[in-house]
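J.: this is a predicted model, with the sequence first.
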Amino acid sequence: MDSIEIGLWVTGGLFVMVVLGMRVAFAAGLAGLVGLVWFFWDRRDYDPEMLGWAISVAVKTAGQVPHGKVASQALSLIPTFILIGFLAYYAGLTRALFEAAKRWIAWVPGGLAVSTVFATAGFAAVSGASVATAAVFARIAIPEMLKIGYDKRFAAGVVAAGGTLASLIPPSAILVIYAIIVEQDVGQLLLAGFIPGVFSAFVYGVLIVVMALSIKGFGPPVGGFTWRERFVSLPPALPIVAVVVIIICFVYNPFGGDAWGTPTEGGAIGAFIVFLMALWRGMRLPELRDALVETAKLSIMIFSIIWGVLIYVRFLGFADLPSAFADWITSLTYPPLLILVCILLAYAVLGMFMDAIGMLLLTLPVVYPAVMALNGGELVAAEDSAFGMSGPMCAVWFGILAVKMAEFCLITPPIGLNCFVVAGVRPELSVQDVFRGVTPFFIADAVTIGLLVTFPAIVLWLPSLA
Amino acid sequence: MAGAASVLGDGSLLSRLDRGLVRIEWGMALLSGVFAFGLMILAVISVGGRSAFNQPLPGYVDWIQAFMPLIAIFGISYVQREGGHIRMDIVVGRLKGRWLWAAEIITTFGILLLMVALVWGSWAHFGRSFDFGAPNWSRDSSMDLGLPIWPAKLVVPVAFAVMCLRLVLQLWGYGRAFVLGLERPVAVPLVQSAAEVAAAEAEQVRGHD
Amino acid sequence: TDWNVSLWGKQRAFTEHVHKLAELVEEKSGGEFTMNISYGGLSKNTENLDGISIGAFEMAQFCAGYHPDKNRAITVLELPFLGVSTLDEEVAVSHAVYEHPAVAEEMAQWNAKLLMTSPMPQYNLVGTGEPRDELSEFDGMRVRATGGLGEAFRAVGAVPTSMTASEVYQAMESGVIDTAAFAQHAHLSFGTINEADWWTANLNPGTVNCPVVANIDAYESLSDEHRAILDESIPEAIDHYLANYGALLERWDGVLDEKGVEKVMVPEEELAEFKSVAGDPIHEAWIEEMSAQGLPAQELYDLVYETLDQTRASN
Ligand code: NA
Ligand code: NA
């Protein structure tokens, strides 16, 4: 049998296992292992005497992957970014951010909702995970919005949508994972996420202001804070600024001169600052122990998917499936931009049913080479390319688009994890309420994605400086 | 997709084994977390040493590579015990009773198959880096410091072997539920509704905002 | 017969001989013996030797410095200041060492047969800031250099820092390292030359050794005809590599001018001092350590110099 055919059968089998509810990490690993056995046995023409050999080679090949792929300096960013997020709870940073945002910007129409969006954007700078961000702000922001007369569904929608910002604004675990899978510079991708993340927050903000101006009885602005009150709200939120500045400076120094180090180091220094802050706020050994176990659980969950999927990817490498798919995509006669939009739409559909990280990890090994080929190859120059950008820049641009799609899926029914979490935190809200409330933000996200596709400079300006 | 789940207990042998194993697993997960913390400390020492004394931590990268398997893999069985590895529950979420337990048995058995194979494969990987006759028993060492790599490679089969034990217990638990037609069996992670998942998530952040 | 070949990175001067070999065997066997070259799809670069030992693929390239413990014997070729000065000498010396029984025996433990080397010119430094042309200026210098080269720089007070080649540019840009030691093609393909202010033209501290190996079972199960085709194609593949690399070296001075990189000549007495501090003691330590582990270290070491003399005499 043709190795491409084996690749397709195994990939089909993988999706069946995933749908049947096998844990994604292990479904991918098992598919890869079975695929390798099949591939090696096929190379010996299914000689029954060689089955044992095929199994042994496949098992040993797969057995290299967990240690080999995980023992990497670049991937060490993931536990670090997760640790920052857990420590940030204990450092009281969320409450401080929300207070500061309220005092400074709640005077605009729809002010408290706009404040919530910007406070989530700020928290995104110390949190690598969307769901945790949504859970925290559901507890802080929703009661305040309800108190001054916001529609409860809308208040919930603001928090669910705001939570998604955590994965674009660095630090972001999912951007690191993308960088590893496609073998691109992690620093560039983290930089690239910054402006689209802030941009998304502004699009949300504008949407809220427009709704506040056009809908009667929308939540009123909240004013009356003195300048003194405003300024005293800043110091408790300052560590966030410090962490953002440090991580950015470690990747690319905006003040001119050399960057301060590698992203790995930047993330760790950021975590250390938040740790000191948490100590100062009264975190003690039992809390630290809990934070460490939670960090381990989330890291291991993500790493299991990484090595599981990489076993499958190793098999794909032997079966040569990604290049076959890329050849097929480039042989299509439709305009490249249309094909790209179709790929993004496919992500929207897939994301309705899948978790963001699982979805990206499972699809990127095949989709990414196809998108790169569509643009003209890994090494294409901007002027010869289909999308008007060089190969490495296309990798960055597509990464941000894919991650934004994955985040979009966190608020779409039927499986929108952020909405579930918000509904779970607030007993007065059902999941349907939250989905209803978040609907306006679909429009905002669709607009954002449209703009990112049309004006790649929003994504590429910052990394092109570095 | 759901992660969190709850595990029930009673006085049965299965449940006692479950609770005995989970203590080991929890310790392994804590060690993963401690090494994640250590990673942060390493970076602080390295950056601090470099900027203050022009003396970076020698072999910083070697140490990171040695830590990572502990962080990323060692506690894997604890995550499985807690039902923390993500999956799509669009189908299993709708199954009830014996149908549900049958589905769990099939997928858990698949994982066990993979894990047994990986214990073998990762042990072989370890074996190629280990040599009783060589200095430090090492046949593979890191690039800067020449640290032996075999201890980091050994982490993988050890973690996966514990995972195999966990999977056997879970198969036992699901099998028992299937045979006896139980509603809420012990020692296995129970599928939670979206509301329960979210409540657990909310519980986690309570008091820390 | 179809062989899977595991390389890494992308096609470059360093992998030209493998492509040429694939082309030659396919042509000479009338398409019956093909090689399917994969860049990183089959294995991680530091695990290529493991993959050969497992039998996952039939041919692979690796560098001795990635895992000196796996291939102790050939690390003699990575000793600093061996005095090899051309690519032809590098080929002659490498192949002489590859044919030594102790080397073949060590590789056989990995089920690997050494086919050919990937000759690399001397690794010279590119650096940022003021040129460093005196030994005293190496003190505290953060340099990306692995294996024996790293040892040599350590001996004069520098701080060797390892990272994968693809991280070197970022590390240099961010000031994590001041200098990086690479062959010319790698300074080009990893972009370090774009960040550099100067390049040492004559430091010539040593190089790395990266053989191409075949799985022994696969090699032996080739038909006699195919095995002969493979064997006889190797010199041709190496010639092609040398011609290609030679052209690259000829362009090098132009590249330096274009990028505004200063060509630094280290004074002779500084070089002699470097060699006496970092060369000879490391050579002696290597011989002692490897002999203690049961390798015919002195014999391998002498073989290098005998071959070097012979090669020079025959030219
Ligand atoms: Na973030
Ligand atoms: Na969704």
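T.: Structure received. Ligands and ions are numbered 1, 2, ... in the order given.

J.: burial of A:Gly21, as a residue count?
T.: 23 (other CB atoms under 10 Å in any protein chain shown). Heads up, the C-betas are built off the backbone N, CA and C, glycines and all.

J.: could you find the closest non-adjacent residue to it?
T.: Once flanking residues are discounted, A:Gly21 sits nearest to B:Val92: 3.7 Å by CB to CB, 6 or more residues apart in numbering or on different chains.

J.: separation between the one you found and ligand 2?
T.: Noted for B:Val92: a distance of 18 Å to ligand 2, by CB to the ion, to the nearest Å.

J.: report pLDDT for residue 142.
T.: No chain specified, so I'll use chain A. What the model reports for A:Ile142 is a pLDDT of 88.

J.: not what I meant, chain B
T.: B:Ser142 is given a pLDDT of 82.

J.: for A:Ile306, see how far away it is.
T.: Applying CB to CB, to the nearest Å, the value for B:Ser142 to A:Ile306 is 21 Å.

J.: between the two, who's got more neighbours?
T.: Taking neighbours as other CB under 10 Å, B:Ser142 and A:Ile306 compare with A:Ile306 leading, 25 against 21.

J.: ok, the more buried one to chain B distance?
T.: For A:Ile306, the distance to chain B equals 8 Å [CB to the nearest CB, to the nearest Å].

J.: checking my notes, that residue in a strand, right?
T.: No. Counting by DSSP: H, G, I helix; E, B strand; the rest coil, A:Ile306 falls outside a strand, being helix.

J.: quick check, pLDDT for it.
T.: Value for A:Ile306, per-residue pLDDT: 83.

J.: and what of A:Ala134?
T.: So, for A:Ala134, pLDDT stands at 82.

J.: and for A:Ala201?
T.: A:Ala201 is given a pLDDT of 92.

J.: for the helix or strand containing it, buried residues please.
T.: Assigned by DSSP states H and E, A:Ala201 belongs to helix A:186-214. By 16 or more other CB atoms under 10 Å in any protein chain shown, the buried positions in helix A:186-214 come out as A:186-201, A:203-205, A:207-209, A:211-212.

J.: what about B:Gln55, which SS state?
T.: Applying three-state DSSP: B:Gln55 is coil.

J.: now it: how far from B:Gly38?
T.: 20 Å.

J.: and for A:Gly317?
T.: Taken as CB to CB, the span from A:Gly317 to B:Gly38 is 33 Å.

J.: out of these two, which sits in the more crowded spot?
T.: A:Gly317 (21 against 15).

J.: shouldn't that one be in contact with C:Gly41?
T.: Yes. Assessed by CB atoms under 8 Å, A:Gly317 is found in contact with C:Gly41 at 3.0 Å.

J.: report the buried residues of the longest helix along chain C.
T.: Ordering each helix of chain C by length in residues (DSSP state H) puts helix C:224-259 first. Residues of helix C:224-259 classed as buried under the neighbour-count rule (16+ other CB under 10 Å) are C:226, C:229-230, C:233-234, C:237-238, C:240-242, C:244-245, C:248, C:252, C:256, C:259.

J.: for the residues you listed, work out which two are farthest apart.
T.: Between any two of those, the greatest separation by CB to CB is 45.6 Å, found for C:His226 and C:Lys259.

J.: residues contacting the helix or strand following the longest helix of chain C, please?
T.: Per DSSP H and E, the first helix or strand lying C-terminal to helix C:224-259 is strand C:262-264. With contact meaning CB atoms under 8 Å, 6 or more residues apart in numbering or on different chains, strand C:262-264 is reached by C:Pro131, C:Arg132, C:Asp133, C:Asp197, C:Trp198, C:Trp199, C:Thr200, C:Ala201, C:Asp253, C:Leu256.

J.: among these, the buried ones, what's the ChimeraX command?
T.: Per 16+ other CB under 10 Å, the buried members of these correspond to this ChimeraX selection:
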select /C:131,132,133,198,199,200,201,256
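
J.: isn't there a helix covering C:Met35?
T.: No. Per three-state DSSP, C:Met35 lies outside any helix segment and is strand.

J.: thought it was touching C:Trp3?
T.: Yes. Contact status for C:Met35 versus C:Trp3: in contact at 4.7 Å, counting by CB under 8 Å.

J.: joint contacts of these two?
T.: With CB under 8 Å, 6+ apart as the test, C:Met35 and C:Trp3 both reach C:Met59.

J.: dihedrals phi and psi, B:Phe132?
T.: phi -60, psi -30 (degrees, to the nearest 10).

J.: hang on, the earlier thing: among the contacts of strand C:262-264, which one sits closest to A:Asn418?
T.: Nearest to A:Asn418 among those, with distances taken as CB to CB, is C:Asp197, at 49.5 Å.

J.: the spatially closest residue to the closest one that is not a sequence neighbour and A:Ala395: what is the separation?
T.: Nearest non-adjacent residue to C:Asp197, counting by CB to CB, 6+ apart: C:Thr128, 5.4 Å away. Separation of C:Thr128 from A:Ala395 (CB to CB) stands at 27 Å.

J.: poorly predicted segments of chain A, please.
T.: A:1, A:251-259, A:353-355, A:414-415, A:466 (pLDDT under 70).

J.: and it, which residues reach ligand 2?
T.: A:Met352, A:Cys409, A:Thr412, A:Ile415, A:Gly416 (CB under 5 Å from the ion).
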